[in-house]
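Student: quick one: sequence and predicted model below, then my questions.
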Amino acid sequence: MPGLGTSFGRGAMTTALWDIPNADVVVFMGSNAAENHPISFKWFLRAKQKGATVICVDPRYNRTASKADWWIPFRSGTDTAVLGGLINYAITHNKFHREYVVKYTNASLLVHPDFRFDDGLFSGWDPEAKKYDQSTWAFQTGPDGQPLSDPTLEHPQCVFQHIKRIYAEYTPEKVSEISGIPVDDFIKFAETVCATGTAGKSAVFVYAMGWTQHTKGVQNIRTATILQMLLGNIGVAGGGIAALRGHANVQGATDLAVLYHDLPGYLGQPTEAHKSLSDFLAKTTTKNSYWENKPKFLISLLKAWWGEHATAENDFCFDYLPKMAAGETYSHYDIFQSILDGRVKGLIVVGQNPAVGSANARKVQAALAKLDWLVVSDLFLNETSEFWKLEGMNPAEIQTEVILLPAAGPLEKEGSFTNTHRLIQWKHKMIEPMGESHSDGWYMVQIGKRLKQLYADSTAAKDLPIKHLVWDYDDPDNPNEFDHLKVLKEINGYDVATGKPVSGFGALQDDGSTACGCWIYSGIYPEEGVNKADARLRAAPNRPDGWTEAKADGSADYLHLGWGFAWPANRRVIYNRASADPSGKPWSKVPLVWWDEAEGKWTGVDVPDMLPVAPGQVHAVGVPGDTPFIMKAWGLGGIWGPLPDGPLPVHYEPMESPTPNLLYRKQGTIPTMKIYDSEFDLFGDPERFPYVATTYRLTEHLTSGVMTRTLPYLAEAFARHFCEIPRELAQREGIRNGDWVEVESARGKVRVQAMVTNRLRPLRIGGRETFLIGLPIHWAPNSGHVQGDITNTLTPQAVDVNVQIQESKVFLANLRKVSVGG
Amino acid sequence: MNLNRREFLRLSGVSAAGAALLLFAEEREALARDLKESRIARAKEVPSVCPHCSVGCGLIGYVREGQLLQVEGNPDSPVSEGSLCPKGAATMQFAYDGVGRPNPLRQLTAKIRRPGSDRWEEIGIEEALDRIARRIKETRDASFVERNADGLVVNRTESIAHIGSACIDNEECYLVTKLMRALGVVYLEHHARI
C-alpha cells in the first residue's frame, strides 16, 4: 500500500496483532474488524480490557461499533476531511510529539519556494494532461546535496508550516459540515486521540477496505500516517497503523509481486523509461536509505530466474524482464477494458471470481465474452468460469473457449501464507487432493514445463526468457506435487557456487554470486532443512487469560519471535527504532529496542529495525543511527510524501457525491482520478440517485461467496442477500422489513430484501438531510448453495490513480419497493 | 479434572460437527462407535492456517489413515489461541459436506466449454494442460513486442492477462510471477487491487 510506503518506507502493517493490547486508544476507521477479521478482534478487546478507549468511526453501527466505547457515524467517503481535522487539532492545540516530529520525520525539511496549494490544486497541475508536474514539491538541498531544514519548525517553507497552513481550514465546524459528525463529538474524538501525542502514550489506527476502496484511498491512509507521525505513534508499543488485508495471503501475494507494477520484494517493474539495468537502478533507488542495497537484491532475483545465463556481461538478463509501455497501467480494471478493446485475448484466472467481485460487474462479464480463451482454476464452478450461463448471455454467440482446472483445496496442500502483520506461517497438508485436483503451483509448474518444451527448438531472442528460465521444481517423490522446499529455498536465496541457502538478505551480493527470489523473505530458510515459517515455539509463559504479558526486560517474549517468520529479518514491529528517543533510551511504554551502551550495540525484545550504527553516527548508506525509517531518505518518515495526486492528502468528494466540495469550490473530486471510456462506464447524479450507498462484507462470507456459499454450514448460517435501509428512509418509501426492493445505480439494478435498521442514521451534510444505504457483496446468481443478485452490478469503475482500486465504498443509488420476491 | 478444549474433544469425541451427524443413520452408527473410542483418538494432528481472511488463525486437522476426521482451532497459535470464526470453523467443508461425504460442489475433473457451446465437457488434466500451453504460445507469438519504436528491448505481450491470487500460497505466487514475467505478461494482478 503506497499510502504506508510513501510515509514509512514499507507498504505493510507496522505492528503485530499481539502488540495491540498496549494501545491507549484504538481507532477503527475503514475497518469492521469484529465482523471481517473476527479473531483479530480479541486483541482489540484485550486493549479495551486493559483500559484503552476503543472508537469506531463508521457510517454503520456494525459489530465493531457495538463493542466500541464510542461509535461516531459519518458520511462514507469523507475520511480525509475527518483525519485532516485531527491533524489541525493536534497542531493548533500543541498536542503533537515535537521531538519525534523534528528528529524522526521530514517535517523540518524545506520545500521548494514555488510550492503552492490553492483551492484544491497543488502547484504543477496540467489540466490538459490531467497530471501534476512535481518539480515544486521537491526539498531544497544545499551544495552538499543534503536537504535544508529548520529544526524549530518555524521556517515558512518547512513541511510543518505547510501542513499547519493547509489543515487550518479543517476546523471542527467544517469537518462537521462535510462529514455529518456533530462538532462536540468531533472535538471529544480529537481530544482523545491527540492525548497520545506524547512519549509513553500510543494510539493505533485500524483500516481495511473501508479506506482503500475510494478514488482517494491511498490519500485516506496517508492522512492517518501523517497524524500518527505527529503524535509519535509509529514504531512504539501499542501504536502504528494496522492494515487488515482482505484475503488469507494478500500480503504474501503482494510481497511476491503478483501485481503488474512490481517485482518481488518491492523492487519495481521496469518501464520503457529504463534503458538498462544500471539506468533502472539509478532511477528507482532511494538514495541515503537502506535501498542503496537494491542492486544486490535485483541482481540476485535475476540470478534466481535465469541462472547461469544471467551474467555481468548481459546485464544479468535484465532485458528478459518485460518493460511496461510508457504511461501505461495494466491493472485489474485495465484488463477488462483492454479485453473490450480487443487487445487482451487470453485470460488466466486463479482462485478469483471477477465476474462478481469486480466493480461494474456487467462490464466485466461483457468483457469475458470477448475473450478467445479463458482458463479458470478453482475449487468450485463460479460466475467467471460459467459467465456464458449468466442472464443476458447467448452461449451460441460466445466464441470463448473456457478451460476449468480443478484446484486442490486449502487443506489438501502445503505451503506458506503471510498474514496481515507480515507473519509467514507454514501449512501442512492434511489430506491428498480430491479427485483429479492439483495445487495451483503444480499447474503452474506443468504449464511452464510444457512452454519450455514448445520453445525448446526456438533460437529467437524473444523466446530466450522462457527457454533460459530456471524451472526445475519437480518433486522426485511425487509426480503430482512440486518441490515446495525448493521454491522456498529459492525465495530465501542461496549461494550460487555451493547451492547453500543464505542466512539473510545481508548476505546477498550484486556480482551474481547469490540468487534470491524475494529478498525481504530472506532468512526464512537460513540453512538446508530449516523452515522458519514452520517454527512453532511459544517461548513465553502465558497468563491465565492466554495473553502473554509484555515485560520490559524481555523475559517474556510477547512478540512470539519463535512462531513463524515475519519479514524483514523476523522483526515484529517495524520502525521499532522509534520506540527509543534519539539517544537510544526507550520512551515507549513497553520498550521494544534500545542502544546498549555497555555492549555498544542495539538490542531489545524485538529485532531492532536499525542500521548497525550508534546514535549520533551515520551509516555508510547515509542513514544516521538516530532515525527509524531506514527505507526512506535519511531515515526520515514522510509527513511530506509526493504521490501522483499530491504531496499531502486533502479532502475531495467521491466520484458520485450528494454535495459539492464544501472546502474547495473549484475542485470537487480528486483531479487525478481515473475513469474508463466505455458504454458501461456511466455515472449518476444526486437528482436521479439521491442516496449514498456503500458495500461491505459479513462474517459468514468471503467476497463473491465462492469459498463460502459452497460450504453448507455457511450457506445455511447466512443465506439471504439484503439491503440495509435507515428506518426514516424506509418509512418515507413505505418499505417494511423483509420487503423486496430494487436498488438502482447508473450502472444497473439489483433486487434484494430490505433490512430496515437503526444502524444507519440520517446525517446533516451541507445543511441537508442525507441517507445512507448499505449492501453486502457475497451473492451471485449461479454458484453455491444459496444465490442472489450481484451487488457489484451497481458499483463504479472509478479508480485511485496510485493503486487503481475502485470506489465501491461510496456511490449514488436510488431504491424502490417492488411487489414480488426476486 | 483439568481439561483443555483439545483434550476434551479427544476424550469425548463430541464436537459442533458431531451434533450435525445425528440425523443420518450411517453417521449415528459411526458416532456410536466413536463414543466408545474418541473419534479423533490416535489421529495425527496436522497444523495449518485458515484460508479465509488474513489474520492467519491456526488450524489443526485430525487425520487418521488418510482420512480427515475433524478440523479445529490450534490452541498453540499465538495469533488465534484456538479460536475460529464461522468461516474458519467451516474449513473442513472444503473437502467434506456436513455429514462426511465429499463436498458435492467440488470440481474433481478438468472441463472444457467449447466456443458456441452451452455445456461443459470433461477433459483429461494432461490434455487440458497441453491445450493451455499451446494457447498461451499461440497468443504470445501473435502479439509479442520485442522492441519498441526506439529499438529498446521491451519483451512483452499485452494479449495475455493473469488474475489471482491472494488465496494461494507464497510458493505458488512465486511460480506465477516468475513464469508470467518470463513470458512477457504485463497484465498481472491479484485481489489486492479490488
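Tutor: Perfect, I can see it now.

Student: which ones are touching A:Ala569?
Tutor: By Cβ atoms under 8 Å, 6 or more residues apart in numbering or on different chains, A:Ala569 lies in contact with A:504-505, A:523, A:607. Every C-beta, even on glycine, is put in place using the N, C-alpha and C of the backbone.

Student: going by distance to chain B, which of the residues you listed wins?
Tutor: Set against chain B, the nearest of the contacts of A:Ala569 by Cβ to the nearest Cβ is A:Gly523 (14.2 Å).

Student: show the contacting residues for the residue with the largest distance to the centre of chain B.
Tutor: Most distant residue from the mean C-alpha position of chain B: B:Asp150, 45.6 Å away (Cα atoms, centre = their mean). Shown in contact with B:Asp150 (Cβ under 8 Å, 6+ apart): A:Glu272.

Student: okay, it: pLDDT?
Tutor: Predicted confidence (pLDDT) for B:Asp150: 96.

Student: also A:Ala540?
Tutor: 51.

Student: settle this for me: A:Arg764 is touching A:Ser179, isn't it.
Tutor: No. A:Arg764 is beyond contact range of A:Ser179, at 10.0 Å (criterion: Cβ atoms under 8 Å).

Student: tally of neighbours for the closest residue to A:Tyr455 other than its chain neighbours?
Tutor: For A:Tyr455, ignoring the flanking residues on the chain, the nearest one in space by Cβ to Cβ, 6 or more residues apart in numbering or on different chains is A:Asp463 at 4.6 Å. Per other Cβ atoms under 10 Å in any protein chain shown, the neighbour tally for A:Asp463 reads 22.

Student: now do A:Thr311
Tutor: By other Cβ under 10 Å, the residues close to A:Thr311 number 13.

Student: quickly find the element holding B:Tyr174.
Tutor: helix B:170-183 (DSSP states H and E).

Student: for chain B, which helix is longest?
Tutor: helix B:125-143 (DSSP state H).

Student: and that helix, what other elements does it pack with?
Tutor: Applying 3 or more Cβ pairs under 8 Å, 6 or more residues apart in numbering or on different chains; DSSP states H and E, one finds that helix B:125-143 contacts strand A:346-350, strand A:373-378, strand A:401-406, helix A:440-454, strand B:110-113, strand B:153-163.

Student: for the helix or strand bottoming out on mean pLDDT in chain A, packing partners?
Tutor: Scoring the helices and strands of chain A by mean pLDDT, DSSP states H and E places strand A:763-765 at the bottom, with a mean of 88. Applying 3+ Cβ pairs under 8 Å, 6+ apart, one finds that strand A:763-765 contacts helix A:172-179, strand A:768-770.

Student: tell me which of those sits most buried.
Tutor: Per-stretch averages of neighbours, counted by mean count of other Cβ atoms under 10 Å in any protein chain shown, single out helix A:172-179 among the helices and strands packed on strand A:763-765, with a mean of 22.

Student: so for it, mean pLDDT?
Tutor: Over the span of helix A:172-179, the pLDDT mean works out to 97.

Student: repeat that for stretch A:814-822.
Tutor: On average, stretch A:814-822 scores 81.

Student: for stretch A:786-795, same thing?
Tutor: 97.

Student: straight-line length of it, end to end?
Tutor: In stretch A:786-795, first residue to last residue: 22 Å (Cα to Cα, to the nearest Å).

Student: does chain B sit close to it?
Tutor: No. Stretch A:786-795 lies out of reach of chain B by Cβ under 8 Å from any Cβ of the partner chain, never closer than 9.4 Å.

Student: pLDDT weak spots in the chain?
Tutor: In the absence of a named chain, chain A is used. A:538-556, A:820-822 (pLDDT under 70).

Student: looking at chain B here, not the other one
Tutor: B:1-28, B:30-36, B:98.

Student: quick one, helices of it?
Tutor: B:5-12, B:16-20, B:25-36, B:86-89, B:125-143, B:170-183.

Student: what is the shortest one packed up against?
Tutor: Where contact means 3+ Cβ pairs under 8 Å, 6+ apart, helix B:86-89 is packed against helix A:712-717.

Student: now stretch A:445-460: buried residues?
Tutor: Within stretch A:445-460, the residues scored as buried using 16 or more other Cβ atoms under 10 Å in any protein chain shown are A:445-452, A:454-455.

Student: equivalent analysis for stretch A:465-474, please.
Tutor: Across stretch A:465-474, burial judged by 16+ other Cβ under 10 Å covers A:465-471, A:473-474.

Student: equivalent analysis for stretch A:575-591, please.
Tutor: A:575-582, A:584, A:586-591.

Student: again with stretch B:103-116
Tutor: B:103, B:105-107, B:109-113.

Student: what does stretch A:301-313 give?
Tutor: A:301-307, A:309-310.

Student: among the residues you listed, which one sits closest to chain B?
Tutor: Of the buried residues of stretch A:301-313, the one sitting nearest to chain B (Cβ to the nearest Cβ) turns out to be A:Trp305, at 5.9 Å.

Student: I believe that closest one is in a helix; please confirm or correct that.
Tutor: Yes. Remark: A:Trp305 belongs to a helix, assigned using DSSP: H, G, I helix; E, B strand; the rest coil.

Student: who's in contact with it?
Tutor: So A:Trp305 contacts A:317, A:320, A:469-470, A:517, B:178, B:181-182 (Cβ under 8 Å, 6+ apart).

Student: can you tell me which of these has the most neighbours?
Tutor: A:Gly517 (28 neighbours).

Student: my guess is that one contacts B:Lys178. True?
Tutor: Yes. In this structure, A:Gly517 is within contact of B:Lys178 by Cβ under 8 Å, at 7.4 Å.

Student: any idea which of the buried residues of stretch A:575-591 is closest to chain B?
Tutor: A:Val590 (16.5 Å).

Student: looks like that closest one contacts A:Gly200 (just checking).
Tutor: No. Applying Cβ under 8 Å, one finds A:Val590 not in contact with A:Gly200, separated by 9.9 Å.
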